[in-house]
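# Sequence first, predicted model second:
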Amino acid sequence: MKLLKDYETQKVRLTRSEKMSSYMGKLCIEGLEVEVIGDFQAKTSKGEWTRSFKPERKVILTIEDVKIPVSPLEAELKAYEILGRTDKVQKIREALEK
């Protein structure tokens with residue numbers, strides 16, 4: 001995250017709740033809010049933790065000559081559905097429909 005430190009609005013740190021565990025933070029790049037999520041795990045209905053979420057495919061964004069691997073929106077959609085984050089699910093579905 002050193003390369004993106006100037007964009008950081010919320011420091012990346014380990015975040016845990018009853019439903020999930022992940023490194024999370026926020027950036028603001030050219031007015032666009034970006035959530036940083038890594039080593040995401042969700043708790044199943046049986047109370048077991050999933051393996052770390054690692055999409056099979058990544059998209060590469062280039063910001064100021066720095067290449068950043070990101071998850072495709074389809075993978076993010078699945079993760080937010082697991083978490084029950086209906087606000088994010090709706091926004092991603094709208095973006096995918098465009």
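The structure has been received and is ready for your questions.

# Tell me where the protein has helices.
Assigned by DSSP state H, the chain shows helices spanning 73-83, 86-97.

# Would you mind finding the most buried of those?
When you average the neighbours per residue for each of the helices of the chain (mean count of other CB atoms under 10 Å), helix 73-83 leads with a mean of 17. C-beta: built from backbone N, CA, C; applies to glycine.

# Quick one: the helices of the chain as JSON lines, columns for distance to residue 59 and mean pLDDT too.
As requested, the helices of the chain are exported to JSON lines (distance: least, CB to CB, whole Å; pLDDT from 0 to 100):
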{"stretch": "helix 73-83", "distance to residue 59": "9", "mean pLDDT": "84"}
{"stretch": "helix 86-97", "distance to residue 59": "13", "mean pLDDT": "93"}
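
# Turn these into CSV, columns for distance to residue 42.
Below are the helices of the chain laid out as CSV (distance: least, CB to CB, whole Å):
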stretch, distance to residue 42
helix 73-83, 5
helix 86-97, 14
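
# Would you check how far apart the residue nearest the centre of the chain and residue 47 are?
Closest to where the C-alpha atoms of the chain average out (CA atoms, centre = their mean) is residue 37, at 3.8 Å. Counting by CB to CB, to the nearest Å, the separation of residue 37 from residue 47 is 22 Å.

# Since that was my last question, I'll sign off now.
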